[in-house]
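[1] Just to be clear, the model below is a prediction. Sequence and coordinates:
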Amino acid sequence: MAGKVDLDGNPIKPITICMIGAGGFIGSHLCEKLMAETPHKVLAVDVCNDKIKHLLEPASLAWADRIQFHRINIKNDSRLEGLIKMADLTINLAAICTPADYNTRPLDTIYSNFIDALPVVKYCSENGKRLIHFSTCEVYGKTIGAFLPKNSPLRQDPTYYVLMEDASPCIFGPIEKQRWSYACAKQLIERLIYAEGAENGLEFTIVRPFNWIGPRMDFIPGIDGPSEGVPRVLACFSNNLLRREPLKLVDGGESQRTFIYIKDAIEAVLLMIENPARANGHIFNVGNPNNEVTVRQLAEMMTQVYSKVSGESSIETPTIDVSSKEFYGEGYDDSDKRIPDMTIINKQLGWNPKTSLWDLLESTLTYQHRTYAEAIKQAMSKTTAN
Ligand SMILES: NC(=O)c1ccc[n+]([C@@H]2O[C@H](COP(=O)([O-])OP(=O)(O)OC[C@H]3O[C@@H](n4cnc5c(N)ncnc54)[C@H](O)[C@@H]3O)[C@@H](O)[C@H]2O)c1
Ligand SMILES: O=C(O)[C@H]1O[C@H](OP(=O)(O)OP(=O)(O)OC[C@H]2O[C@@H](n3ccc(=O)[nH]c3=O)[C@H](O)[C@@H]2O)[C@H](O)[C@@H](O)[C@@H]1O
């Protein structure tokens with residue numbers, strides 16, 4: 001670790017990071033990376049710490065004096081400002097960020113993604129502290145191409161679908177499509193942060209993740225989350241595979257996504273942390289443009305990979321179609337296609353994703369099988385016995 005330099009050859013000084021939402025999927029991987037590979041300290045803020053317990057206990061861990069957990073709900077806790085003041089950098093990950101909530105709990109979604117993020121921005125700005133804020137690729141909404149006639153050759157032209165931080169518009173559906181409550185709240189907090197930078201000199205970086213996936217993402221309903229809960233697609237499909245039930249394709253599974261392995265994405269975040277001069281003032285797409293599939297193709301790949309890692313043959317009807325109204329309820333809508341432009345992150349940080357979709361699914365589904373298969377079997381046999 002000693003002697004590590006940044007991208008411009010300057011020595012990297014150890015810093016203290018206030019990480020809000022550290023107990024979630026991305027936070028847990030970022031904490032792991034910071035503890036294992038850097039000298040930085042983390043003040044980990046979250047309402048729960050299940051996903052980082054292995055980094056907090058036992059006290060004999062090599063990094064024990066570099067990570068502290070603070071159980072704080074940022075909605076209403078006066079300790080937050082003190083922690084931000086103690087740190088050199090604040091990273092805000094806290095948010096409601098599962099699509100099943102956007103149309104069913106739009107108020108909680110807007111409060112979580114905008115109102116609750118406001119004091120964090122304000123404390124950073126007032127105290128002259130650097131902020132890395134987690135936004136989302138959903139701020140782009142739908143592509144321009146989605147509005148072209150179905151048979152238009154322009155749909156094949158990247159100008160109409162590649163998403164660029166400094167050029168693409170943000171295209172959301174009507175207000176009654178409450179799906180967009182999340183994207184709209186994230187867009188407004190981005191604009192506020194940008195304005196704090198322009199008017200008050202806030203040093204900020206905004207991250208727009210494009211479907212980061214991997215171990216510890218969300219929960220498996222009925223095992224480590226509510227039975228009726230609907231997590232993001234990786235956990236939904238994992239749950240179906242573990243229970244040997246068909247994977248549900250919403251509205252035909254035609255939407256397209258690019259998936260990136262969490263470990264590749266965390267490398268990009270570490271570069272932002274350790275290269276402030278190159279990251280400040282920028283908005284970065286972080287995704288893998290080479291890993292594009294339709295949701296239907298994702299279901300087929302996951303079925304094949306799960307069969308390989310579990311040694312179980314796949315079921316006779318591996319997928320079924322469901323309507324979005326049935327699956328998510330009234331007010332759902334969808335992004336059609338998400339290809340990140342990589343120009344800015346390449347130029348500023350020289351970063352590129354590495355892991356193919358096949359490889360990332362193999363390591364992730366190996367983890368899902370190892371972590372949950374036994375618990376699911378037991379839960380299912382209990383249900384049958386009752
Ligand atoms: N995973 C992705 O691919 C992805 C994609 C786009 C954007 N993002 C953004 O990245 C961030 C992190 O996402 P994630 O996938 O790790 O989600 P996550 O739900 O696993 O983590 C969010 C964490 O924030 C905590 N949190 C929420 N509200 C809080 C509050 N009021 N006080 C304290 N803690 C609170 C939660 O307990 C949770 O541990 C979010 O802002 C999300 O919008 C993630
Ligand atoms: O990950 C991201 O980059 C962003 O996008 C996600 O949104 P989305 O990709 O729509 O969410 P998923 O739940 O992962 O769904 C992906 C697609 O799979 C479909 N789906 C989901 C679950 C399922 O069981 N079946 C199914 O067909 C959805 O309708 C959607 O088209 C979430 O909004 C955020 O976590 C994040 O901001």
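    Right, received. Where do you want to start? Ligands and ions are numbered 1, 2, ... in the order given.
[2] tell me the phi and psi of residue 176?
    Note on residue 176: backbone dihedrals following degrees, to the nearest 10 are phi -70, psi -20.
[3] which SSE is residue 199 in?
    Assigned by DSSP states H and E, residue 199 belongs to helix 181-200.
[4] for that helix, packing partners?
    With contacts taken as 3 or more CB pairs under 8 Å, 6 or more residues apart in numbering; DSSP states H and E, helix 181-200 sits against helix 99-102, helix 106-113, helix 118-126, strand 130-134, strand 204-209. Placement of C-beta: from N, CA and C, glycine included.
[5] Outside of that helix itself, list whatever touches it.
    Identification of contacts with helix 181-200 by CB atoms under 8 Å, 6 or more residues apart in numbering yields 95-97, 99, 101-103, 106, 109-110, 112-114, 117-118, 121, 125, 131, 133, 135-136, 138-139, 141, 170, 172, 202-204, 206, 281, 283.
[6] before we move on, back to that, quick one: the helices and strands packed on helix 181-200 as TSV, columns for mean neighbour count too.
    Shown next, in TSV, are the helices and strands packed on helix 181-200 (neighbours: other CB atoms under 10 Å):
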stretch	mean neighbour count
helix 99-102	22
helix 106-113	19
helix 118-126	19
strand 130-134	24
strand 204-209	24
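[7] so can I have JSON lines of the ones you listed showing distance to ligand 2 and mean pLDDT?
    Output for the helices and strands packed on helix 181-200, formatted as JSON lines (distance: least, CB to the nearest ligand atom, whole Å; pLDDT from 0 to 100):
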{"stretch": "helix 99-102", "distance to ligand 2": "5", "mean pLDDT": "98"}
{"stretch": "helix 106-113", "distance to ligand 2": "10", "mean pLDDT": "98"}
{"stretch": "helix 118-126", "distance to ligand 2": "18", "mean pLDDT": "98"}
{"stretch": "strand 130-134", "distance to ligand 2": "9", "mean pLDDT": "99"}
{"stretch": "strand 204-209", "distance to ligand 2": "5", "mean pLDDT": "99"}
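[8] Point out the residues in the stretch 1-150 of the chain that sit beside ligand 1.
    Within the stretch 1-150 of the chain, the positions adjacent to ligand 1 are 21, 23-27, 46-48, 73-75, 93-95, 97, 112, 116, 134, 136 by CB under 6 Å from any ligand atom.
[9] likewise the stretch 201-350 of the chain?
    209, 211-212.
[10] Let me see the contact set for residue 118.
    So residue 118 contacts 189, 192 (CB under 8 Å, 6+ apart).
[11] Show me which of the residues of the stretch 1-150 of the chain next to ligand 1 are buried.
    Among these, those classed as buried by 16 or more other CB atoms under 10 Å are 21, 23-27, 46, 74, 93-95, 97, 112, 116, 134, 136.
[12] Looking at those residues, which is nearest residue 10?
    residue 134 (26.1 Å; CB to CB).
[13] so who does that closest one touch?
    When the contact criterion is CB under 8 Å, 6+ apart, the partners of residue 134 are 21, 26, 91-93, 95, 207, 209.
[14] Mark which of the residues you listed are part of helices, please.
    residue 26 (DSSP state H).
[15] Return the closest of the contacts of residue 134 with respect to ligand 2.
    Distance to ligand 2 across the contacts of residue 134 (CB to the nearest ligand atom) is lowest for residue 209, with 5.1 Å.
[16] Now do the same contact list for that closest one.
    Contacts of residue 209 by CB under 8 Å, 6+ apart are 26, 134, 136-137, 260, 265, 286-287.
[17] ok, now residue 180?
    Contacts of residue 180 (CB under 8 Å, 6+ apart): 102, 141, 172-173, 333.
[18] State the distance from it to ligand 2.
    Using CB to the nearest ligand atom, to the nearest Å, residue 180 is found at 11 Å from ligand 2.
[19] What pLDDT does the model give that residue?
    Confidence at residue 180, expressed as pLDDT, is 98.
[20] For the nearest residue to residue 111 once chain neighbours are set aside, grab phi and psi.
    Leaving out its chain neighbours, the residue that sits closest to residue 111 by CB to CB, 6 or more residues apart in numbering is residue 75, at 7.8 Å. Backbone dihedrals for residue 75, given as degrees, to the nearest 10, come out at phi -60, psi -30.
[21] buried stuff in stretch 321-340?
    Here stretch 321-340 shows 322, 324, 327-328, 331-335, 337-340 as buried, counting by 16+ other CB under 10 Å.
[22] Can you tell me which of the residues you listed lies closest to residue 31?
    In terms of CB to CB, no member of the buried residues of stretch 321-340 lies closer to residue 31 than residue 340, at 24.7 Å.
[23] Can you spell out which residues form a bridge with the closest one?
    For residue 340, the beta-bridge partners are residue 163 (DSSP bridges).
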